[in-house]
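Undergrad: what shape does this take:
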Amino acid sequence: MRIGVVAPASVGNKDAEAPFIAFAALAYPEVDLVIHPQCWEVAGHFAGDDARRASAFLEFANDPGFDAIWCLRGGYGSNRILPLVLPQLGPAARHKSYLGYSDIGFLLGALYARRIGRPVHGPMASDIRRKDGDATIARSLGWLARGDRAGLEPGLDGRPAAAFNLSILGALIGTPYLPDLTDHVLLIEEVSEPMYNIDRLLFHMGHATQLKGIAGVRLGAVTAVQPNEPEWGDSLEFMIRRWCGDLGVPYLGRAEIGHTQANRVVPFGIA
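TA: Here you go, the predicted structure:
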């Protein structure tokens with residue numbers, strides 16, 4: 001099993017994030033983990049400029065010697081390389097898994113829309129920094145290397161599913177990069193937003209014509225909520241039920257995804 005690590009978005013922190021290499025070598029000796037040097041490059045906010053990040057992604061995606069692409073971290077920027085990457089993905093790219101979450105949802109959604117490879121929402125290499133981060137990234141490595149289902153989100157019920165950060169989902173709506181999610185259970189999560197903006201994002205979801213055919217919505221972790229002035233009155237439970245009602249789909253309860261140690265693996269489609 002050969003897994004390539006790339007950074008399609010924000011710049012990484014080599015000192016803080018590199019321990020995932022040692023963990024993978026000890027816990028998953030069957031994995032040949034190849035870290036693209038682009039991961040540690042800096043171009044302002046990004047891990048290399050758009051052309052560099054696109055080139056690194058394409059180099060590994062189009063190499064038949066790699067079985068999977070694992071993203072180092074999110075942040076912001078994977079959307080900027082979509083027009084550079086998608087037209088140049090070759091046959092080898094269609095036979096890989098692509099794993100990440102947060103900003104990487106741009107890539108996962110666009111790949112799934114074109115049925116390229118096997119997009120997977122799950123912990124990234126940089127999650128090694130979390131408390132008990134070895135257990136967090138083990139869910140992703142276990143799924144990629146061994147097909148270990150122990151790390152899957154426990155509420156997956158055999159129906160097709162897809163998982164997104166709510167802000168990323170909102171940015172995808174209305175673009176050609178949002179996949180057809182008809183009959184899918186949609187899992188969403190959010191981080192570092194005030195409640196009023198979460199409500200606005202849920203409104204956008206609840207009135208998106210592209211989502212009218214989904215099977216239902218599950219809500220993951222909503223963390224690091226920013227202060228709201230004046231204090232916000234509605235609960236998350238009220239908000240999600242209201243906007244699912246407007247969308248005309250059931251609210252199916254909570255999900256174990258998000259910017260937390262407990263983030264679980266959600267393969268797009270049927271696991």
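Undergrad: now do the helices in the stretch 101-250 of the chain.
TA: Applying DSSP state H, counting those that start in this stretch to the stretch 101-250 of the chain gives helices spanning 105-113, 133-146, 166-172, 195-206, 236-247.
Undergrad: ok, which of those helices comes nearest Asp67?
TA: Among the helices of the stretch 101-250 of the chain, the nearest to Asp67 by CB to CB is helix 133-146 (7.5 Å). No exception for glycine: its C-beta is placed from N, CA and C like everyone else's.
Undergrad: so what's the model's average confidence on the closest one?
TA: Summarised as a single mean, pLDDT over helix 133-146 is 98.
Undergrad: residues contacting Leu108?
TA: Contacts for Leu108 (CB atoms under 8 Å, 6 or more residues apart in numbering) come out as Tyr98, Gly100, Tyr101, Pro119, Val120, His121, Phe164, Phe268.
Undergrad: now the residues you listed in JSON lines, with pLDDT and distance to Ile137?
TA: Output for the contacts of Leu108, formatted as JSON lines (pLDDT from 0 to 100; distance: CB to CB, whole Å):
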{"residue": "Tyr98", "pLDDT": "99", "distance to Ile137": "16"}
{"residue": "Gly100", "pLDDT": "98", "distance to Ile137": "12"}
{"residue": "Tyr101", "pLDDT": "98", "distance to Ile137": "12"}
{"residue": "Pro119", "pLDDT": "98", "distance to Ile137": "18"}
{"residue": "Val120", "pLDDT": "99", "distance to Ile137": "13"}
{"residue": "His121", "pLDDT": "98", "distance to Ile137": "14"}
{"residue": "Phe164", "pLDDT": "99", "distance to Ile137": "20"}
{"residue": "Phe268", "pLDDT": "98", "distance to Ile137": "19"}
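Undergrad: tell me which two of those residues sit farthest apart.
TA: Between all members of these, the farthest pair (by CB to CB) comes out as Tyr98 and Phe164, at 14.2 Å.
Undergrad: what about the two, which has more around it?
TA: Taking other CB atoms under 10 Å, Tyr98 and Phe164 do not tie; Phe164 has more neighbours (29 against 25).
Undergrad: looking at the helices of the stretch 101-250 of the chain, which is buried most?
TA: The highest average neighbour count among these, using mean count of other CB atoms under 10 Å, belongs to helix 105-113 at a mean of 25.
Undergrad: which one of the helices of the stretch 101-250 of the chain lies closest to Ala224?
TA: Across the helices of the stretch 101-250 of the chain, Ala224 has its closest neighbour in helix 195-206 (11.6 Å, CB to CB).
Undergrad: what's in contact with that closest one?
TA: 166-167, 169-170, 173, 188, 190, 193, 211, 217, 222, 225, 228, 232, 234, 236, 239-240, 242-247.
Undergrad: try it again with 6 Å
TA: Residues outside helix 195-206 that contact it (CB atoms under 6 Å, 6 or more residues apart in numbering): Leu166, Gly170, Glu190, Asn228, Trp232, Met239, Trp243, Asp246, Leu247.
Undergrad: swap in stretch 172-184?
TA: Gly109, Ala110, Tyr112, Ala113, Pro160, Ala161, Ala162, Ala208, Gln210, Gly213, Ile214, Ala215.
Undergrad: residues in contact with Ser97?
TA: Ala68, Arg118, Val120, Leu144.
Undergrad: what's the spacing between the third one and Asn263?
TA: What that stands for is Val120. Between Val120 and Asn263 the distance is 12 Å, computed by CB to CB, to the nearest Å.
Undergrad: for the first one, same thing?
TA: Taking CB to CB as the measure, Ala68 and Asn263 are separated by 18 Å.
Undergrad: which of these two has more residues huddled nearby?
TA: When neighbours are counted by other CB under 10 Å, Ala68 and Asn263 differ, and Asn263 comes out ahead with 28 against 23.
Undergrad: fine by me, we can end here.
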